[in-house]
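Novice: can't give you the sequence, but here's the structure:
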């Protein structure tokens, strides 16, 4: 019996639901994890909560729970998720009411809070990658959330929660917690915590380890990508694991897919900083032991730093953007002329345009313009974006692009304009003992 | 020969920092990749003066390199004006890197 089966049902907030339902139905899982919080998501969720105290959790929570709860409640599969975002208690209350409607009486739902540290963040803390301090963001901060570790999630599982809902936690901790709970690992067993972190890191982006974000036709082919299955791990009590997916699903689990995901968003592989451990992936081994089965070993760990990363969301002005297309002979020259025209007209706004960017999609928007001798594109799409202090100034950007219809070069088509308030994210570190997580358990009656 | 003949990549981002993994398709090409795909060449590939720092990590048992780059993301996904604000496409741009292959060096694809 000694292996634990844990699957990943979402790698981001908008992820596909069908593969998660398939995992729930056929995966014989002990745990199903949904990882749905990107760096900025919680700041946006906090804004939603400010507008409505009952909001601020993942907008797809209800759809996901209605899809999987009837299955997981029957099979005894327990759920761990950060879909609580900026409001785990409201999310838990919603799950309880959904479970009640579904007749799942006795189901226990835990809300894990305490990651919100907006009211206690020291002004003198240094911001990462800048010379600034938290005080520089005063008056503009929307949210500040510490990346909490596995501890409170383990506590919720130990208390019998069938569904654990948190806000900001380190992504791998969502997977590490069930392993600690099941295998009784000590919180200073650095090697096992490092191995469990590796399992979490490989699973946390869902389809990205099973052949999603991998296919390159003729070079890296992936069978039946349209039917991409999500991953599960069979984890042993020593923390080694087999990464695999369900039979009959599309996709691919190979040494290559696992290596890409191993290094995804990693800096020094020997020092992956987590709340509970510094994981060391530098000696990781990946062995293909069967079709779509990769044995993962060799991770290690050492004592955590005692400090937690904190993501701070802050208001950072507005971005206005417009796009318009040119096609056929001379498309590139007409696109260039249009860029000059827009730039000249917007310069009249003066310094309220803090930063601008003009480019031709298909020519130089992603990469620098092609080498000489490359044939001219048959179509280009002008894109002009600017960062502005005010909404009104940012609106001008898209309007100036759209007016190229009548007041710009010949043949422009398909103009669009967008406008968004920028909630930027900065990060800092704070002492772990300044963060006090709390677990509340609700029961469906 | 270009890097795409020898290796595959994945790009990630955290804040204003990009990382690109470069992974050999075939074990026999690993020594050539390790020798040819230096931090300096990767920085130069993205244009003079753009990359402000680059660090290379090696995982020989997986035939993989990991490059950590600053200066390419214009503020990161939350505030960049770029179309590809994550810089997700950077890795495939790197696959254009020219690799000089001299006789005696392993590069299985070159003999095709």
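Specialist: All right, it came through fine. These numbers were taken from a predicted model, which means no experiment stands behind them.

Novice: for chain B, which spans come out with low pLDDT?
Specialist: B:102-112 (pLDDT under 70).

Novice: do that again at 90, thanks
Specialist: Along chain B, segments meeting pLDDT under 90 span B:15-16, B:47-50, B:74-79, B:100-112.

Novice: up against chain A, what does it have?
Specialist: B:4, B:8-10, B:12-17, B:19, B:21, B:23, B:25, B:47, B:55, B:57, B:59, B:61-62, B:64, B:66, B:68, B:70, B:75-79, B:81-84, B:89, B:93 (C-beta under 8 Å from any C-beta of the partner chain). Backbone N, C-alpha and C define where each C-beta goes, glycine included.

Novice: among those residues, which are in helices?
Specialist: Residues of those located in helices (DSSP state H): residue B:93.

Novice: just the buried ones from the residues of chain B next to chain A?
Specialist: Among the residues of chain B next to chain A, those buried by neighbour count (16 or more other C-beta atoms under 10 Å in any protein chain shown) are B:4, B:8-10, B:12-17, B:19, B:21, B:23, B:25, B:57, B:59, B:62, B:64, B:66, B:68, B:70, B:75-79, B:81-83, B:93.

Novice: packing partners for the strand ranked longest in chain A?
Specialist: Secondary structure of chain A per DSSP state E: the longest strand is strand A:307-327. Helices and strands touching strand A:307-327, by 3 or more C-beta pairs under 8 Å, 6 or more residues apart in numbering or on different chains; DSSP states H and E, are helix A:41-51, strand A:141-146, helix A:331-347, strand A:379-388, helix A:391-402, strand A:413-431.

Novice: contacts for the helix or strand just after the shortest one?
Specialist: This means strand A:141-146. Reading on from strand A:141-146 to the C-terminus, the next helix or strand found by DSSP states H and E is helix A:151-158. Helix A:151-158 is contacted by residues A:78, A:80, A:110, A:112, A:114, A:164, A:166, A:169, A:173-174, A:177-178, A:180-181, A:187, A:276, A:437-439, A:441 when judged by C-beta atoms under 8 Å, 6 or more residues apart in numbering or on different chains.

Novice: buried subset of the residues you listed as a ChimeraX selection?
Specialist: To isolate the buried members of these in ChimeraX, using 16+ other C-beta under 10 Å:
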select /A:78,80,110,112,114,164,166,169,173,174,177,178,180,181,276,437,439
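
Novice: out of the contacts of helix A:151-158, list just those in helices.
Specialist: A:173, A:174, A:177, A:178, A:180, A:181.

Novice: closest one of these to residue A:85?
Specialist: residue A:174 (13.4 Å; C-beta to C-beta).

Novice: dump the residue contacts of the closest one.
Specialist: With C-beta under 8 Å, 6+ apart, residue A:174 has these contacts: A:33, A:35, A:80, A:81, A:82, A:153, A:166, A:200, A:204.

Novice: so which of those residues is the most crowded?
Specialist: residue A:82 (32 neighbours; other C-beta atoms under 10 Å in any protein chain shown).

Novice: what distance do you get for the residue lying closest to it once chain neighbours are set aside to chain B?
Specialist: Sequence neighbours aside, residue A:37 is the residue nearest to residue A:82 in space, at 4.7 Å (criterion: C-beta to C-beta, 6 or more residues apart in numbering or on different chains). Noted for residue A:37: a distance of 14 Å to chain B, by C-beta to the nearest C-beta, to the nearest Å.

Novice: quick one: pLDDT of residue A:37?
Specialist: Per-residue confidence (pLDDT) for residue A:37: 95.

Novice: residue contacts, it?
Specialist: Here residue A:37 is in contact with A:13, A:82, A:83, A:85, A:167, A:168, A:171 (criterion: C-beta under 8 Å, 6+ apart).

Novice: let's see 7 Å
Specialist: Listed by C-beta atoms under 7 Å, 6 or more residues apart in numbering or on different chains, the contact set of residue A:37 reads A:82, A:85, A:168.

Novice: beta partners of the closest residue to the last one other than its chain neighbours?
Specialist: Of all residues not flanking residue A:168 in the chain, residue A:145 sits nearest, at 3.8 Å (C-beta to C-beta, 6+ apart). Legend: beta-bridge partners of residue A:145 under DSSP bridges are residue A:116, residue A:311.

Novice: quick one: contacts of stretch B:49-62?
Specialist: A:259, A:268-269, A:282, A:284-286, B:34, B:39, B:42-43, B:65-72.

Novice: phi, psi for the residue nearest to residue A:82 please.
Specialist: phi -120, psi 110 (degrees, to the nearest 10).

Novice: state the distance from the residue nearest to residue A:168 to chain B.
Specialist: 14 Å.

Novice: got the contact list for that residue?
Specialist: Neighbours of residue A:145 in contact, by C-beta under 7 Å, 6+ apart: A:42, A:115, A:116, A:117, A:167, A:168, A:310, A:311.

Novice: quick one: which of the residues you listed is most hemmed in?
Specialist: Most surrounded of these: other C-beta under 10 Å gives residue A:167, at 31 neighbours.

Novice: hmm, back to that, state the distance from the residue nearest to residue A:168 to residue A:307.
Specialist: Remark: distance between residue A:145 and residue A:307 (C-beta to C-beta, to the nearest Å) = 15 Å.

Novice: counting neighbours, what do you get for residue A:197?
Specialist: 29.

Novice: does the closest residue to it other than its chain neighbours belong to a helix, a strand or coil?
Specialist: Nearest in space to residue A:197, with sequence neighbours left out and distances taken as C-beta to C-beta, 6+ apart, is residue A:279 at 4.1 Å. With DSSP: H, G, I helix; E, B strand; the rest coil as the basis, residue A:279 sits in strand.

Novice: okay, and the beta partners of residue A:279?
Specialist: Beta-bridge partners, per DSSP bridges, of residue A:279: residue A:272, residue A:301.

Novice: and the stretch 1-150 of chain A, which residues reach chain B?
Specialist: A:39, A:40, A:128, A:129 (C-beta under 7 Å from any C-beta of the partner chain).

Novice: closest to residue A:322 among those residues?
Specialist: residue A:40 (23.1 Å).

Novice: now do the contacts for the closest one.
Specialist: A:313, A:423, A:425, B:78.

Novice: near the residue lying closest to residue A:277 once chain neighbours are set aside, how many other residues are there?
Specialist: Excluding the flanking residues, the one nearest residue A:277 by C-beta to C-beta, 6+ apart is residue A:193, at 3.9 Å. Using other C-beta under 10 Å, residue A:193 has 32 neighbouring residues.

Novice: distance of residue A:193 from residue A:273?
Specialist: 13 Å.

Novice: for residue A:349, same thing?
Specialist: Distance from residue A:349 to residue A:273, by C-beta to C-beta: 43 Å.

Novice: what about those two, which has more around it?
Specialist: Between residue A:349 and residue A:273, counting by other C-beta under 10 Å, residue A:273 is the more crowded of the two (17 against 14).

Novice: can you map out the strands along chain B?
Specialist: B:7-14, B:17-24, B:53-59, B:64-70.

Novice: can you redo these as TSV with distance to residue A:101?
Specialist: As requested, the strands of chain B are exported to TSV (distance: least, C-beta to C-beta, whole Å):
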stretch	distance to residue A:101
strand B:7-14	40
strand B:17-24	44
strand B:53-59	49
strand B:64-70	47
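
Novice: which one of the ones you listed lies closest to residue A:67?
Specialist: Once the strands of chain B are compared by C-beta to C-beta, strand B:7-14 is nearest, at 28.8 Å.

Novice: excluding residues flanking it in the chain, which one is nearest residue A:443?
Specialist: residue A:108 (5.2 Å).

Novice: and if you look at residue A:285?
Specialist: That would be residue A:298: by C-beta to C-beta, 6+ apart, it lies 4.3 Å from residue A:285.

Novice: what's near enough to touch the one you found?
Specialist: A:283, A:284, A:285.

Novice: which of those has the most neighbours?
Specialist: Result: residue A:284 is most packed of these (other C-beta under 10 Å), 26 neighbours.
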